[in-house]
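J.: Sequence below, structure please.
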Amino acid sequence: MGQRERIFFIYDTIGKKGLVKVNEVARVFDVDERTIKRDIEYMRNKLKVAVEWDQRKRGYVILQTSGQAFDHIDEKLFIAVSSFIGAVESMNFPGVMKDILVDSASRMLSSPYGEAVGKVISFPRQLDEPPYELLNRIACALSGKCIMSFNFCDGGTVSLLHTEPKRLVNVNGMWKLVAFDLASLELKVFDVGKISDVSLENVAFVHDVDDSVRALVSNMQNEDNQ
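T.: Residues are numbered from 1 along each chain as shown. Predicted structure coming up:
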């Protein structure tokens, strides 16, 4: 199990018991205590959860000001898992793989939600499924931070573009690629369905535009919710 599972365990333990002890978490996951302390620092610095050492209780607690982070966490997870299972059911997975995915997701839930999730029907928004070979190339570019070149067909005109891919976003069921165009030196949004002939070049990104990417994706999300 990785950091996400440990952090969720820390969340869950503090939510249920009011505190968590580093040595107990380390024993559950069979890691050293320094690893758990790094997890707690990650929660503070990246997730902005006010996890603090309580000298009197000899454990880590959550300050009252951030307690809302744990309000109804089981119920929220129940909804998320139900939605995931609905998406799995709607896609063309082989039967055995579908069963494995559904079973794995259900195990994340505590009682009574683990027993109830099989009786929740979720009809996910219909997703546009791009060619899987293309999706593989995009995923490789995003994970490896590779320069991605492709032909883009817009209004009958095909252009060869060289980009730094930043995000793959689903907007109202349609896949969009947010990428930094190396010719125009600006962020652009491309319909994945109009992309073809992808090639990757193992060259490190040089344009740090994370703030602009987050703002652009936030605007796309707001437009989708309207």
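J.: could you measure D30 against K21, distance?
T.: 16 Å (C-beta to C-beta, to the nearest Å). Every C-beta, even on glycine, is put in place using the N, C-alpha and C of the backbone.
J.: Would you tell me which helix is longest in the protein?
T.: helix 73-90 (DSSP state H).
J.: Would you state the predicted confidence (pLDDT) at the closest residue in space to A204 that isn't next to it in sequence?
T.: Nearest non-adjacent residue to A204, counting by C-beta to C-beta, 6 or more residues apart in numbering: K145, 6.5 Å away. If you check K145, the pLDDT there is 81.
J.: Residue numbering should commence at 43 henceforth.
T.: Sounds good: first residue 43 from here, last item K187.
J.: What backbone torsions are found at K187?
T.: The phi/psi pair for K187 (degrees, to the nearest 10) reads phi 50, psi 50.
J.: coming back round to it: more neighbours: D72 and K63, which one.
T.: When D72 is set against K63 and neighbours are counted by other C-beta atoms under 10 Å, the residue ahead is K63, at 16 against 7.
J.: Can you verify my assumption that that one contacts R100?
T.: Yes: if you go by C-beta atoms under 8 Å, K63 and R100 touch, sitting 7.1 Å apart.
J.: which residues in this protein form helices?
T.: Using DSSP H, helices in the chain cover 45-59, 64-71, 75-87, 115-132, 137-148, 155-158, 174-186, 252-267.
J.: Adding distance to S201 and mean neighbour count, write those out as CSV.
T.: Listed next are these as CSV, based on distance: least, C-beta to C-beta, whole Å; neighbours: other C-beta atoms under 10 Å:
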stretch, distance to S201, mean neighbour count
helix 45-59, 39, 16
helix 64-71, 50, 16
helix 75-87, 41, 15
helix 115-132, 33, 16
helix 137-148, 38, 13
helix 155-158, 49, 14
helix 174-186, 17, 15
helix 252-267, 20, 12
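J.: Can you lay out those as a markdown table showing distance to K230?
T.: Output for those, formatted as a markdown table (distance: least, C-beta to C-beta, whole Å):
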| stretch | distance to K230 |
| --- | --- |
| helix 45-59 | 32 |
| helix 64-71 | 43 |
| helix 75-87 | 32 |
| helix 115-132 | 28 |
| helix 137-148 | 34 |
| helix 155-158 | 42 |
| helix 174-186 | 15 |
| helix 252-267 | 9 |
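J.: Out of the ones you listed, the one nearest N214 is which?
T.: Closest approach to N214 among the helices of the chain (C-beta to C-beta): helix 252-267, 5.3 Å.
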